[in-house]
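Visitor: Got a sequence here, can you model it:
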Amino acid sequence: ASAADMPNTPLARVVLIAGCIGLDCLVWRGAVQLSGPGSLPSWLPVLAMALGHLSLWLLPTRLTLVVVVEVVLGCASLVVAQWQPFAALLALGYAAPAHLGWRRSAPILAAILAVFASHSWGSARATADPLASTLTLMALWSALTVVIALAGARAHGRTEIARRTADLLTQLTQAHEAGRRELARDLHDGVAGAITADG
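Guide: The predicted structure is shown next:
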């Protein structure tokens, strides 16, 4: 992928990490009640989100590792229904197709959607109609993920076109240089042959 597809500067990575931590903490709103009896210490989700999102620092070079860390973190909603880390998953929904293309990123997008299914159930199971609410929320998450992934795939397409164009220009330049050298060699041989014949 090109530099435009991935946050490859320290500032871009810091902004991405801070934005994901901030957005997830804002939406989380302090929920710590476990799905079963008991609750988590209030500091644990904040620490887990901060440490988990630090994996985004590796995004340009270790995409698979980042996906694993963020998917595991996203599964927090299986333990605490109202704790639903999602911001980094959306970022990965763009980064994966931007880096790998639409087809090669399909397993990553499927894993992201599986986490969003868990989030949807966590949000909906306390409603009057949990199944309908889950399906509605999942449809919204899916639509958002698809839009973001399409933007990433489009960026990948632009990168591929730019790369192929650069390769073609390189080949044309090399062919031109080879032709010029061959012409110079032929002229040199012709002049040398004419001088030899005159002599």
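Visitor: My read is that residue 53 contacts residue 14, right?
Guide: No. Contact criterion C-beta atoms under 8 Å: residue 53 and residue 14 do not qualify, at 11.1 Å. (C-beta placed from N, C-alpha, C; glycine too.)
Visitor: and those two? which has more neighbours close in?
Guide: The neighbour count for residue 53 versus residue 14, taken as other C-beta atoms under 10 Å, is higher for residue 53 (26 against 13).
Visitor: Just the element for the more buried one, please.
Guide: Assigned by DSSP states H and E, residue 53 falls within helix 43-53.
Visitor: May I have that helix exported as CSV, CA atoms only?
Guide: In CSV, the C-alpha atoms belonging to helix 43-53 read as follows (Å, rounded to 0.1, in the frame of the first residue of the first chain):
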residue,chain,number,x,y,z
TRP,A,43,-10.1,1.0,35.6
LEU,A,44,-9.7,-2.3,33.8
PRO,A,45,-11.7,-1.4,30.6
VAL,A,46,-9.8,1.8,30.3
LEU,A,47,-6.4,0.1,30.7
ALA,A,48,-7.5,-2.7,28.3
MET,A,49,-8.6,-0.2,25.6
ALA,A,50,-5.4,1.8,26.0
LEU,A,51,-3.1,-1.2,25.8
GLY,A,52,-5.2,-2.8,23.0
HIS,A,53,-5.3,0.2,20.8
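Visitor: For it, which helices and strands make contact with it?
Guide: Applying 3 or more C-beta pairs under 8 Å, 6 or more residues apart in numbering; DSSP states H and E, one finds that helix 43-53 contacts helix 10-28, helix 63-74, helix 87-100.
Visitor: center of this protein, which residue is that?
Guide: Of all residues in the chain, the one closest to the mean position by C-alpha atoms, centre = their mean is residue 95, 1.5 Å from it.
Visitor: Quick check, that residue in contact with residue 152.
Guide: Yes. Using C-beta under 8 Å, residue 95 is in contact with residue 152, at 6.5 Å.
Visitor: Grab the nearest non-local neighbour of residue 49.
Guide: Sequence neighbours aside, residue 24 is the residue nearest to residue 49 in space, at 5.2 Å (criterion: C-beta to C-beta, 6 or more residues apart in numbering).
Visitor: Could you identify the longest helix within this structure?
Guide: Taking DSSP state H as the criterion, the chain has its longest helix at helix 130-198.
Visitor: neighbours around residue 50, how many?
Guide: By the criterion of other C-beta under 10 Å, residue 50 has 15 neighbours.
Visitor: That one: what's it in contact with?
Guide: Taking C-beta atoms under 8 Å, 6 or more residues apart in numbering, we find residue 50 in contact with residue 21.
Visitor: That one and residue 18: what is the separation?
Guide: As judged by C-beta to C-beta, to the nearest Å, residue 50 and residue 18 stand 10 Å apart.
Visitor: and if you look at residue 11?
Guide: With C-beta to C-beta as the criterion, residue 11 and residue 18 are 11 Å apart.
Visitor: picking that back up, pipe the helices and strands packed on helix 43-53 into a markdown table and attach mean pLDDT and distance to residue 141 per row.
Guide: Below are the helices and strands packed on helix 43-53 laid out as a markdown table (pLDDT from 0 to 100; distance: least, C-beta to C-beta, whole Å):
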| stretch | mean pLDDT | distance to residue 141 |
| --- | --- | --- |
| helix 10-28 | 94 | 13 |
| helix 63-74 | 96 | 11 |
| helix 87-100 | 94 | 9 |
